[in-house]
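S.K.: Let me see the structure of the following:
(2 chains)
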Amino acid sequence: MHTRELSIFIENKAGRLAALTGLLGQAGINIRGFSVADMSDYGIVRLIVDKPDDAVALLRGQDFIVRESSLICVRVPDQPGGLGSILNMLSEAGINVEYMYAIVDTLIVFNVENPDQAAGLLRESGVEVISGPKVYSL
Amino acid sequence: MKTKIWDRRRECAGREEIEELQRQGLANTLQWAYDRVPMYRRRMTKAGFDPAAFRSLDDLRRLPFTTKQDLRDNYPFGLFAVPKDKLVRIHSSSGTTGKPTVVGYTRRDLRTWSELVARMVTAAGVTRRDTIQISFGYGLFTGGFGLHYGMERVGASVIPVSSGNTQRQLMIMQDFGTTALVSTPSYAMYMAESLTEMGVDPTQLKLRYGLFGSEPWSEEMRAELERKWNITATDNYGLSEIMGPGVSGECLLKQGMHLAEDHFIFEIIDPKTGERLPVGEEGELVITTLTKEALPVIRYRTRDITRIIPDPCPCGRTLHRMTRVIGRTDDMLIIRGVNVFPSQVESVLLEIEGTEPHYQLVVDRQGQLDTLEVRVEVSDSIFFNEMKRMHELGETIRSRIESVLGLNVKIKLVEPKSLARSEGKAKRVLDLRKK
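M.R.: So this is what the prediction gives:
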C-alpha cells in the first residue's frame, strides 16, 4: 500500500505555513513528514500525515487547495551508498523520480512515475518498502 | 456568404431614409419624454431646450446624458412614461452594485423588441427551420425572454431550457437535435468541454450556429468555439436599459454588429469630456431610443467602449455597425499610456482555463514606470503538485496576457478566495498609483 501525500498550494506570506500546521495540530492530525518547494511568490507544501482523509477534508473546508499523490516510502540503508543504490535500481528500470524527501528517521518518500512497479522492484531487491498505514503510525 | 435579411426595407434603407426616420422618432421621443417624465422635463427646461422646436439630429448634443444612476434614483418606475396599466412586461437588473434598475415594456415595445431580435437572429443564420436552445437565464434578466420571443417571431422551434443543469442541456441538445445555441460564450465553451469529457464529439451534433452575448469575449474565443463545435458563432449586443438583446448583432460576415438605427440613435463620445467623437473613432457608446413607449431613454451612457463602422457591409445591409465591445469605461485603466481593460485579461484567462477565473489587476508605479501585476487565484483545476508545471502555467498566462495587452506584466498566483470580493464578485482592479 502506498503512502498518501497531500500537496497544498500556499502563498509565500508570513504566517501561512504556521496557519496550515496550526490547523492540523488543533485537529489532532500528526505530521509524519513534510517538504516545501517554493518559488518567490508561492510554494507547494507536501505533507505526510497520520490521518490523510481528515486532513484533506479539514483543509479543503478552509479553502486550501489540496492535491493527493501516491508515494512509496522506503527505508534507505544507513550506510555509504545507501541512497545511491536505491536510485540506481529505479534509474535502471527507467522509472523517473519526480521528487523525494526524508521523513522520520532515514525513511525517504519518493514520488515516482510508477509507484507499483517501483515498490515491487525495490522489495524484490531486499529494500524495505513501508506501507502507508505503517508510515502514519511510526 | 449570402444571408437572408429579415426586414429588407429597413435593414437596407438608404442613409437619407434612416436619418429621416431618426429625425421623426427623436422628435416624438423628446416630446413624449417631456410630457410624461418629470426628470426629462426638468432637464430639458434647465438646458433651455424646447422639444417642440426640435429641428435637426444635431440638437441632441444639447441634451444631458442619462446614466444608470438616474434609473436607480428613480427606482422603480420613476422614469416610466406610461401608467402601469399600459405595461405588459417588467424586467430588472440584478442590482449587484446598488439598487436594481427596472425597465418596462408596452405591448408595442414588446412587438418592436421581438422584431429587432428576429432581425438579429436572421442575420446570424437562423431560419424557421432551426431548433433553438436558449440557455440564457429566463427571469428578470432580459436575455432569455428577449431571444425567446424574437426566435418565435422568426418561426424557429424554441426550447426554453434556461441556464444551468449542464447534463440536461447536453441531453436535450443531442436528443432534440438543436441546431442553434443561444448562451454566453463561456457557457458554450464549458458545454463543449463537458460533452468531450462524456465521450461525445461536439462537432458530430446537428448544431450549426451559436449566438453568443451578454459578456465580453474575444476573436480567439470565437475561433475556439467555432472549432470545438464546428459552428458559425456570432456576437450580439443589447442592454436592458435600452431594450435588451437586439440592439445590434453580427451578420454571417462577422465584421461588426449591425445597429438597429431605425429604432435608436447611436453616438460615440469621449468618456472624459462627454464630447461627441467623429464617426469611426473609439469611445463610449451613447444610445437614444426612438420608438420606446414605456421607457424612453435619452442619451444613455452605456459605459461600453466601441467604434462605429460606417462603411457598407457586403451582406447588403446598410445599417452601420459597431465593433465588438472592447471594454467598459468604468474599468478602463491607462498603464504606460496603453488602454487596458480587465476584460482583456479575463478573456485570456478564460482561454487558458475554460471557466471564469478570479483575478485582480494591481497597478503601481515604481519611479516613473507604471507596473501591472495580475493576481490569479489558483483553483483545483489549475493546481499541479509539480513545481515545473505550476511555473509553466504562470509563464503561459504571462506570455498570453503580454501579447494581448502589449505590456509587460508580472503574474502572481495566489490562494483561493484571497482576493477581495464585494458581494460575491472579486474586485478586479487595485490602482495604487498616486493620483
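
S.K.: quick one: B:Asn254 is in a strand?
M.R.: Residue B:254: Lys, not Asn. No: counting by DSSP: H, G, I helix; E, B strand; the rest coil, B:Lys254 is not found in a strand; it is coil.

S.K.: who's in contact with it?
M.R.: The neighbours of B:Lys254, taking C-beta atoms under 8 Å, 6 or more residues apart in numbering or on different chains as the test, are B:Arg222, B:Thr232, B:Thr234, B:Asp235. No exception for glycine: its C-beta is placed from N, CA and C like everyone else's.

S.K.: Now A:Thr21: closest residue in space, sequence neighbours ignored.
M.R.: Excluding the flanking residues, the one nearest A:Thr21 by C-beta to C-beta, 6 or more residues apart in numbering or on different chains is A:Ile31, at 6.8 Å.

S.K.: Just list whatever residues bridge to the one you found.
M.R.: A:Val49 (DSSP bridges).

S.K.: In contact with residue 12, which residues?
M.R.: Going with chain A. A:Asp38, A:Met39, A:Ser40, A:Asp41, A:Tyr42, A:Gly43 are the contacts of A:Asn12 under C-beta under 8 Å, 6+ apart.

S.K.: You answered for a different chain; I wanted chain B.
M.R.: Neighbours of B:Cys12 in contact, by C-beta under 8 Å, 6+ apart: B:Ile5, B:Gly316, B:Arg317, B:Thr318.

S.K.: Look up how far A:Leu138 lies from B:Gly337.
M.R.: Remark: distance between B:Gly337 and A:Leu138 (C-beta to C-beta, to the nearest Å) = 61 Å.

S.K.: more crowded one of these two?
M.R.: Each of B:Gly337 and A:Leu138 has its neighbours counted (other C-beta atoms under 10 Å in any protein chain shown); A:Leu138 has more, 15 against 7.

S.K.: Can you check the pLDDT for the closest residue to that one other than its chain neighbours?
M.R.: Distances taken as C-beta to C-beta, 6+ apart put A:Val104 closest to A:Leu138, at 5.4 Å, once the chain neighbours are dropped. Looking at A:Val104, its pLDDT stands at 77.

S.K.: Help me confirm that A:Val104 comes into contact with A:Arg32.
M.R.: Yes: using C-beta atoms under 8 Å, A:Val104 is in contact with A:Arg32, at 6.1 Å.

S.K.: which neighbours do these two share?
M.R.: A:Leu138.

S.K.: The two: which has the busier surroundings?
M.R.: A:Arg32 (20 against 12).

S.K.: Let me see the contact set for the residue nearest to A:Thr21.
M.R.: A:Thr21, A:Leu24, A:Leu47, A:Ile48, A:Val49.

S.K.: A:Ala37 too?
M.R.: Counted by C-beta under 8 Å, 6+ apart, A:Ala37 has contacts A:Gly43, A:Ile44, A:Arg46, A:Tyr99, B:Met387.

S.K.: what's the helix or strand for A:Ile72?
M.R.: Here A:Ile72, judged by DSSP states H and E, is contained in strand A:66-75.

S.K.: Cheers, nothing more for now.
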